[in-house]
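J.: next input, structure requested:
(chains A and B)
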There are 2 protein chains.
Amino acid sequence: MTFSIHRASIPVLLRGLANLSGILAKGEAFATEKNIDPAELIQASLAPDMYALARQVQVASDSAKGCGARLAGLEPPSFPDTETTFAELCTRIDKTVAFLKGLTEAQLAGAESRKVTLKLRGREVSFKGDDYLLNFALPNFYFHLTTAYDILRHKGVALTKPDFIGGI
Amino acid sequence: MTFSIHRASIPVLLRGLANLSGILAKGEAFATEKNIDPAELIQASLAPDMYALARQVQVASDSAKGCGARLAGLEPPSFPDTETTFAELCTRIDKTVAFLKGLTEAQLAGAESRKVTLKLRGREVSFKGDDYLLNFALPNFYFHLTTAYDILRHKGVALTKPDFIGGI
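T.: Presented below is the predicted three-dimensional model:
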């Protein structure tokens, strides 16, 4: 298989989402084990004006489905941001995974040259597909995955790097 | 230009390192402005058993030069982990940038199929080049970039997402 924009996007996003599910499962187990309210983790953030864990997961989901959809020339599906429990966040991830798994290699063929336009902080921004994936969507996706991990680590959950990287 | 493993690695790493330099510059300016010892930021971490800021930057540098070198079939250059100031961390980033800029597209041609072997936690692990880049090197690179950002945000530095994403 030659290197392609499909290879660099869909399986990468699916892998990151699977790792995120595992990280959240360890967060939930920690809350149970320590007998603390799971909401204390779900509402935790690293600074008063940073997103809390739930929002980090929602935005990671948005980044992933937005990336897959836009590279395929589709409108991203809209999911309401209503999750307040670990179970609901995991369902959100599962829905995101199901959407991405529905995208075919053929739909992404040539996506490196596709014009991608999105609204960022109120203004329209256009990218070439490869720049969108590599300069915006993937860094953004990893930012929210890592910050979800960092929030849980900061709260005492015994995560290690392999939880973030996944099986190799 | 077709999508290539060079496009998905070297310019991506260079962009991330430039953003990291900018983030550190804001950290240093914050220390000056608030009249706090820069070492308080450089030695800060999000959990007692997580790497401090300096080590996050060193490992981001290691991920970047390791990735470029291994995809080109070269031995990664070794830099001593001795940085203790913002200026020294920026020099480390500059050295990493200089190394990556010395790699040519021709050196990375076909790297998606190159066998990459590295030692991880004491055991030898082999990857196909594309799996190495996408499942290991890039997630690891972004993990340390994001955690550097998160540490500084947690310490009160007024960073915003564009500092992490860079100009678009």
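
J.: which parts of chain A are helices?
T.: A:10-34, A:38-42, A:53-71, A:86-101, A:105-108, A:129-131, A:138-154, A:161-165 (DSSP state H).

J.: and the ones you listed: which comes nearest chain B?
T.: Of all those, helix A:138-154 sits nearest to chain B, with 3.6 Å by CB to the nearest CB. Placement of C-beta: from N, CA and C, glycine included.

J.: CA-only coordinates of that closest one in PDB, if you can.
T.: Output of helix A:138-154 as PDB, limited to C-alpha atoms (Å, rounded to 0.1, in the frame of the first residue of the first chain):
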ATOM      1  CA  LEU A 138      -4.300  16.300  13.500                       C
ATOM      2  CA  PRO A 139      -2.500  18.700  15.900                       C
ATOM      3  CA  ASN A 140      -5.900  19.800  17.200                       C
ATOM      4  CA  PHE A 141      -7.000  16.200  17.700                       C
ATOM      5  CA  TYR A 142      -3.900  15.300  19.500                       C
ATOM      6  CA  PHE A 143      -4.100  18.500  21.600                       C
ATOM      7  CA  HIS A 144      -7.400  17.500  23.000                       C
ATOM      8  CA  LEU A 145      -6.500  13.800  23.500                       C
ATOM      9  CA  THR A 146      -3.300  14.800  25.300                       C
ATOM     10  CA  THR A 147      -5.100  17.400  27.500                       C
ATOM     11  CA  ALA A 148      -7.700  14.800  28.500                       C
ATOM     12  CA  TYR A 149      -4.900  12.500  29.500                       C
ATOM     13  CA  ASP A 150      -3.100  15.400  31.300                       C
ATOM     14  CA  ILE A 151      -6.200  16.300  33.300                       C
ATOM     15  CA  LEU A 152      -6.700  12.700  34.500                       C
ATOM     16  CA  ARG A 153      -3.000  12.400  35.300                       C
ATOM     17  CA  HIS A 154      -3.200  15.700  37.200                       C
END
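
J.: what sits against the closest residue to residue A:94 other than its chain neighbours?
T.: Closest residue to residue A:94 apart from its sequence neighbours, by CB to CB, 6 or more residues apart in numbering or on different chains: residue A:21 at 7.9 Å. Taking CB atoms under 8 Å, 6 or more residues apart in numbering or on different chains, we find residue A:21 in contact with A:90, A:93, A:94.

J.: kindly check the end-to-end length of stretch A:97-113 for me.
T.: 25 Å (CA to CA, to the nearest Å).

J.: which residues touch it?
T.: So stretch A:97-113 is contacted by A:4-6, A:9-10, A:13-14, A:17-18, A:64-65, A:68-69, A:71-74, A:77, A:128-130, A:133, B:2-3 (CB under 8 Å, 6+ apart).

J.: buried subset of those residues?
T.: A:4-6, A:9-10, A:13-14, A:17, A:64-65, A:68-69, A:71-72, A:129-130, A:133, B:3 (16 or more other CB atoms under 10 Å in any protein chain shown).

J.: so for stretch A:25-39, mean pLDDT?
T.: The predicted model assigns stretch A:25-39 a mean pLDDT of 98.

J.: quick one: least confident helix or strand in chain A?
T.: strand A:115-120 (a mean of 92; mean pLDDT, DSSP states H and E).

J.: for it, enumerate the helices and strands it packs against.
T.: Helices and strands touching strand A:115-120, by 3 or more CB pairs under 8 Å, 6 or more residues apart in numbering or on different chains; DSSP states H and E, are helix A:53-71, strand A:123-128.

J.: and residue A:167, how many residues sit next to it?
T.: Residue A:167: 9 surrounding residues under other CB atoms under 10 Å in any protein chain shown.

J.: can you pull the contacts of it?
T.: Applying CB under 8 Å, 6+ apart to residue A:167 gives no contacts.

J.: distance of the residue of chain A most remote from its centre from residue A:158?
T.: Here the centre of chain A is the reference, and by CA atoms, centre = their mean the most remote residue is residue A:35, at 27.8 Å. The gap separating residue A:35 from residue A:158 is 16 Å, by CB to CB, to the nearest Å.

J.: next one, pLDDT for the closest residue to residue A:13 other than its chain neighbours please.
T.: Using CB to CB, 6+ apart and skipping residues adjacent in sequence, the residue nearest residue A:13 is residue A:64, 4.4 Å away. Listed pLDDT for residue A:64 reads 98.

J.: just to check, residue A:64 is in contact with residue A:141?
T.: Yes - counting by CB atoms under 8 Å, residue A:64 touches residue A:141, with 5.8 Å between them.

J.: okay, and the common contacts of those two?
T.: What both residue A:64 and residue A:141 touch, as defined by CB under 8 Å, 6+ apart, is the set A:13, A:16.

J.: could you pull up the residues touching the residue nearest the centre of chain A?
T.: What sits nearest the mean C-alpha location of chain A, by CA atoms, centre = their mean, is residue A:60, with 2.6 Å. By CB under 8 Å, 6+ apart, the residues touching residue A:60 are A:16, A:17, A:20, A:141, A:144, A:145, A:148.

J.: give me that answer again for 10 Å
T.: By CB atoms under 10 Å, 6 or more residues apart in numbering or on different chains, the contact list for residue A:60 reads A:13, A:16-17, A:20, A:89, A:92-93, A:96, A:140-148.
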